[in-house]
Every structure is written in C-alpha cells, then in structure tokens.
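S.K.: Give me the fold of what follows.
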Amino acid sequence: MRNYFKTGKRLAIAIDNAHRIEGFEEYLESYHLSMYDIQSFGTIEYGLPYYIEPVSLNNVDLDSDEYAVEAIFGYHISWPNVGDTVELAGGQYKVIDTFPLGAEVELQADDGKHCHYYIGESYLKIYQKVA
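M.R.: Numbering: from 1, shown residues only. Prediction:
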C-alpha cells in the first residue's frame, strides 16, 4: 500500500478515489470488519463476538456456545429472517436476532488528521443452534 496515510489530505484523496486504487476498497472493507472481529461478509463464523451482550439479544440465554454469526452487507434483512430455521455446517440453526454494524470507518493519517469513509449499511445475523 503506497503511503496514503502520510497526511490527512493524501488519505482523503485516496478515500475519495478508493475505487480507482487497486486493493484499497478491499482494505477499507477488511478494516471495517476487523473492528468487529469478523473475517468477511457472507461467511458463517461460529461463536459470538465479545461485544454482543444479553440485552442486545432480547434476553436470550448466552450460557451456551452454540451460536453463529454472519456479516451481511446491505440495509435490508435478507432471508432467512428472524425466527426461520436453516441448515448450517454445524446442524440446524434458528435466526434469533440481528445486530447493526457501523456504516462509517474513521481512519487517522500519520499527521493526526482524521478521515471518514462511508462503507455502507451492514449487520450481523445471529443464529442459535436448535436442540
């Protein structure tokens, strides 16, 4: 990656032209997901991230490790919907909730200036293993 982070002005120009810089959009997407400990959009990851608390899951019992999450890019909730049951690699899972992710990434240049990149609406779909 070239020295896009040297100054706030260079970083702002790189962000504004991210679609023209090879690999820069992918970098911004992976940086955004890494803030939430998620590897990639559309991939099922087993276990719950540390930041999801019982109140955010409508008081669902979190004693069990039988959960999975999927990062979905976009505003509209896609199938399966909350309450639907699906077959995943680990067996039958029920969608129990969704968790919104931030739509913006804040980056800091080497000179201390901050720049923002609108990554778009996205969320986590949370699954619980069906007994």
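S.K.: For residue 118, give the beta-bridge partners.
M.R.: Residues in a beta bridge with residue 118, per DSSP bridges, are residue 104.
S.K.: That one and residue 79, how far apart?
M.R.: Plainly put, residue 118 is 26 Å away from residue 79 if you go by C-beta to C-beta, to the nearest Å. (Glycine included, C-beta is placed from N, CA and C.)
S.K.: the more surrounded of these two?
M.R.: In this comparison of residue 118 against residue 79, neighbours counted by other C-beta atoms under 10 Å, the higher total goes to residue 118 at 10 against 7.
S.K.: okay but the more buried one is in contact with residue 104, surely?
M.R.: Yes - with contacts defined as C-beta atoms under 8 Å, residue 118 counts as touching residue 104 at a distance of 5.5 Å.
S.K.: what about residue 9, which SS state?
M.R.: Put simply, residue 9 is helix when judged by DSSP: H, G, I helix; E, B strand; the rest coil.
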